[in-house]
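Visitor: next come a sequence and a model predicted from it.
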Amino acid sequence: MNRHEKAKNFKQVNHSVTKIDALQLALGKDSYVADFVPNDALIIKMLWSPHAHARIKKMDVSKAEKMPGVKAVLWYGNVPRIVHCTAGQGFPEPSPYDTFMFDRKVRFVGDRVAAVAAETEEQALAALEVIKVEYELLKPVFSIDEAMAPGAPVIHDEPEAHVPIPIHYEPKKNLVAQVGCEAGSFEKGMKDADFTFDETFEAPYAQHCPIEPYVSMAQIASSGRIVITTSTQVPFHCRRIVAQTLGIPVQRIRVIKPRIGGGFGCKQEILLDDVTAMFALRTGRSVLWQFTREETFRTGRTRHPFRVRLRAGVKKDGTISAIGLDCINNTGAYGGHGLTVVSCSGGKTLPLYHCDNIHFDGKSYYTNLPVGGAYRGFGATQAFFAIESVMDQMAEAIGMDPKAFRQLNHIRENEGSPIFAALGEGREGTPMTVGSNALGECIVQGAEAIGWDKRSDWRGKTGRFRRGIGMACLMQGSSIPDIDMGAAAIKINEDGSFNLTVGATDLGTGSDTVLAQIAAEELETATDKMIVYSSDTDLTPFDVGAYASSTTYLSGEAVRKAAADAKRQILATGAEMLGLPVDQVHCEDAMVRNADGSKKVSYSDIANYSLYQKNQYQIIGTASHITKKSPPPFAAHYAEIEVDTWTGFIRVLKYVSTIDCGTAVNPTLCEGQTEGGTLNGISYALTEQYLFQNGRMMNASFADYHIYSMRDRPPLQTILVPSYEDTGPFGAKSVSEICINGPAPVIGNAIYNATGARINEFPFTPEKVLAAIQALEKKK
Amino acid sequence: MKLSEFIHPGSLAEARKALRGLGPKGLPLAGGTALHFMQSKTPVTAVDLTGLGLSYIRRKGGFFSIGAATPISDIQRYRSPRWAMHEICRRISTHQIRNVSTIGGNICRVFPWADLPVVLLAMNARMVIYSGKESEMGADEFFSSQPARLFRGGDLLTSVKIPVLKAQHGFGSVKAARNAAAFSLVTIAALLELDGTTIKSARVAAGSAIPFPKRLHEVEAALVGREAVTDVFKKAAAAGGTAAKWNVREGMSADYMRQLAEVSLLDALERAAEFARGRVN
């Protein structure tokens, strides 16, 4: 039996059980932060900076403080000045401490100036209007080139700005981070090549667009502690960062994450909770702050725009002799995630193909634009656009089919890459060999589904509407080795049900369901016997949170280990009840049985025995888990498109998204993640765009920012290709990030295949496509 | 825009009286979707038009008559011989918006991206306005500038009359947008009347990428009396490129919008001709 066929025998895992919160959400039961707000909660509104770069010369909030309904005003003059980082990452963070609750300087349009808490939203808004602010305008920095230029305005000139761990940080040069590595000799590899390439690519801003915007509520409990109910991916980081920012002990804060209406990375930042907590402390009242959609676009986190220079060499036999990847990201006004995202642009991409001579250099720069953060794909999305575009160019140069070229060069099972060891997130990585890899099968199945064999060269295509087929191969990771940690506890109840408590954070992905399936599989019971409670810093074990594609792989393994611990106790008690040695019993269908099934006792009976009858104790399993590996999921994406060569409009006729995520713990949820991420990637490639005027994002609404909805969904086929990752729970790896990395290079390659026009910058707006086609026509 | 009060009049006369009394503090309201784009902070009183029997589509004589409070989704779903309005309505925003947004709301306060004014200009529609009694106004006059000017005194649009297409008529419309629910980059509508293979008359209008929806008389002049063939359409479309000031839209240049408009004009004319030939045949 192949390893991946093990999953066929699972009873809970590898089954599409219904999401455990599905009914609650479908019925509209109180689930989200805003559902729990008491009627008398104060409403917070923020005065945002209208300027991209300015120093506040004078501010007067006295009138606002006296306005009807106003209970408190916060500004730099009345809050602690504690430098911190808003990014929810491992501690100490691999990011600069460059943020204050409020500062005398504003660094982008949408930076905080002052906040009001009032009885009503109208009162809060009215109070904002009477806050007098006098600004000294400073020269803004709106591009990477401007940021890097000698003598550029310094965005973070405050003396407190520093990094908490020894990483490269030069705020006087607007340099947030620099990281690099070299394997073999890149220069020699380029010399050995028969064909060389030197291309520069640009990847744009984007917003995550969760349906539920950022929202946070803070209350003061009877004990005097602060209870923060918030839409977050990182409740434990939230607690730590709020404590740090307010200068109070972690002990005084409880963070609760209810159901979440999507995050995709943007809720890995602490953007509201310090303010809600401070207002709760100042007023003693419940306070609510929720962003409008406009605020989410302008002030919320974004995907880092990247400039990627890719140099590569290939030999006529298809050997890739050199790859040089130079990535620069624009991290905007604050630097959280600047380093880690640029690190991942190399770390999550370069191992995909065999190459002995690799050079990587990553830099991150401040600008006076919206702030980059974590976003599904996390740097790999931007870099894969460059790598997979050049893969097609290399294949064409040596006269090889692009699919065959990738099949020749992609990493296989039991192979390693020097990049795994060289590039981690904020520090060196961890040596690793790939344990599970079904990329080869992904390529084959995807090619068949798209009809790759019918693909023809662009030179033979004529007429207004021209069709093309493109492809790309992808990888990502599963958690951050030696940094991420997840923990779980599971205890039995009298009826044989279990309370599973996890710090892991379900942000709408269905991870509570997936973790319940893993626990049930290990315990040999049914998933519906699991009562899952997650993400409450008072009541659940620690978990770093939902990011880095870690929940199923890392938190899932913590759950499996905790379940195994509980199972050991169940077996011991069951054996005692049956009068048999432990090694003569096993768990099956929520019972402890002997080999022939003639003696058995139910989990319910075992629970009652252990709780009430003899040698009483609570059967409870606990476990923590860290990992030494970050096993990549792999994917092959294909698209067939039609280009209107008169207007530049592109229609996606069919998209095929294959994925090797190891065992699909819940196949329907895996398909949902893959389909959603792919669709998001298609609109990132085609229609999503930040339009600026003097640093102000001008299209801050769903009317003007064109993220795809289901109305735009092209025919989209998802194919789960199984493999089995030995280090993951029941063979699972990650699934949710990788799928967004494909559409930009796939569509770029398809445009080339349709028209011969190669476009190195997306989104592929109709104007860009038309200009590229017209430029090509002129050359002819 | 903040609504402070709702008034539910029982008749057009009552509605008009209320609006006249309220002046700028009153607002006629049916679907209400335009409120999203009206930024005034002064609270207004809404005069609800949804109970006045203004939601219908009827064919009477040579016209389809559409009540002013008819949701766009109803127009999208309506079918009748010589009816062409569904095509553009299908492309307006989302199902949810089309279910509430009305034809009256779409044309009485014209936003730059509005599609229906373009279509109604091409179709030579007539607007029925209540000012104590009903009177009609042609689309050219109605859309000569912002139609909201006509309703400041409390007068109300009650219906839109669209001529029934005749056998030799052909209609085509094109809406170029970035995705399914996006506002239009360019909207073009063309009504051609053929006499055999010759274009007897033409009404062509454009919107979205120009400051205000308007007919493109230069395009029409390039069509009338000529053969309904692609070469003629291409020349007419090129005339459209210079007939209007095309604006920057969604980060794309004015020159690109001109090119897009020319192709859209060509497509609309081809569709209209095909429509007309189908009727002839």
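Guide: Happy to help now that I have it. Numbers count the residues shown, from 1 in each chain, chains lettered A, B, ... in the order given.

Visitor: so B:A84 sits in a helix?
Guide: No: counting by DSSP: H, G, I helix; E, B strand; the rest coil, B:A84 is not part of a helix but coil.

Visitor: how far away is it from chain A?
Guide: Between B:A84 and chain A the distance is 23 Å, computed by CB to the nearest CB, to the nearest Å. Bear in mind the C-beta positions are built from the backbone N, C-alpha and C, glycine included.

Visitor: report the contact partners of that residue.
Guide: Contact analysis of B:A84 by CB atoms under 8 Å, 6 or more residues apart in numbering or on different chains lists B:M123, B:L165, B:F171, B:S173, B:F275.

Visitor: out of the residues you listed, list just those in helices.
Guide: B:M123, B:F275 (DSSP state H).

Visitor: and for the residue in the stretch 601-750 of chain A that chain B sits nearest to, the neighbour number?
Guide: The minimum distance from the stretch 601-750 of chain A to chain B, using CB to the nearest CB, falls at A:R711 (3.8 Å). Look at A:R711: counted by other CB atoms under 10 Å in any protein chain shown, it has 10 neighbours.

Visitor: got the domain ranges for chain B?
Guide: In terms of domains, chain B is parsed into B:3-48, B:57-163, B:169-280 (source: automatic domain parsing).

Visitor: got CSV for those, with distance to A:T505 too?
Guide: As requested, the domains of chain B are arranged in CSV below (distance: least, CB to CB, whole Å):
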stretch, distance to A:T505
domain B:3-48, 33
domain B:57-163, 30
domain B:169-280, 31
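
Visitor: and those, which is most packed in?
Guide: Of all the domains of chain B, domain B:169-280 carries the top mean neighbour count, a mean of 21, counting by mean count of other CB atoms under 10 Å in any protein chain shown.

Visitor: interface residues of chain B facing chain A?
Guide: B:94, B:176, B:178-183, B:250-253, B:256, B:259-260, B:263-264 (CB under 8 Å from any CB of the partner chain).

Visitor: the host helix or strand of A:D605: what's the following helix or strand?
Guide: Element membership for A:D605, per DSSP states H and E: helix A:603-608. Per DSSP H and E, helix A:603-608 leads on to strand A:620-625 as the next helix or strand towards the C-terminus.

Visitor: helix or strand right after that following strand?
Guide: Trace forward from strand A:620-625 with DSSP H and E and the next one is strand A:634-644.

Visitor: what helices or strands is that following strand leaning on?
Guide: helix A:439-450, strand A:465-475, strand A:650-659, helix A:743-755, helix A:766-779 (3 or more CB pairs under 8 Å, 6 or more residues apart in numbering or on different chains; DSSP states H and E).

Visitor: hey, what's the angle from it to strand A:465-475? Just curious.
Guide: Angle of strand A:634-644 versus strand A:465-475, following axes from the mean of the first three to the mean of the last three CA atoms, to 10 degrees, is 160 degrees.

Visitor: now do strand A:634-644: distance to the chain's middle.
Guide: 23 Å (CA atoms, centre = their mean, to the nearest Å).

Visitor: list the buried residues of that strand.
Guide: With burial defined by 16 or more other CB atoms under 10 Å in any protein chain shown, the residues of strand A:634-644 counted as buried are A:F634, A:A635, A:A636, A:H637, A:Y638, A:A639, A:E640, A:I641, A:E642, A:V643, A:D644.

Visitor: ok, the residue lying closest to the fourth one once chain neighbours are set aside to A:V601 distance?
Guide: In space, A:H637 comes closest to A:G742 once its chain neighbours are excluded; the distance is 3.3 Å by CB to CB, 6 or more residues apart in numbering or on different chains. Here the distance between A:G742 and A:V601 works out to 51 Å (CB to CB, to the nearest Å).

Visitor: which one's more surrounded, these two?
Guide: A:G742 (35 against 19).
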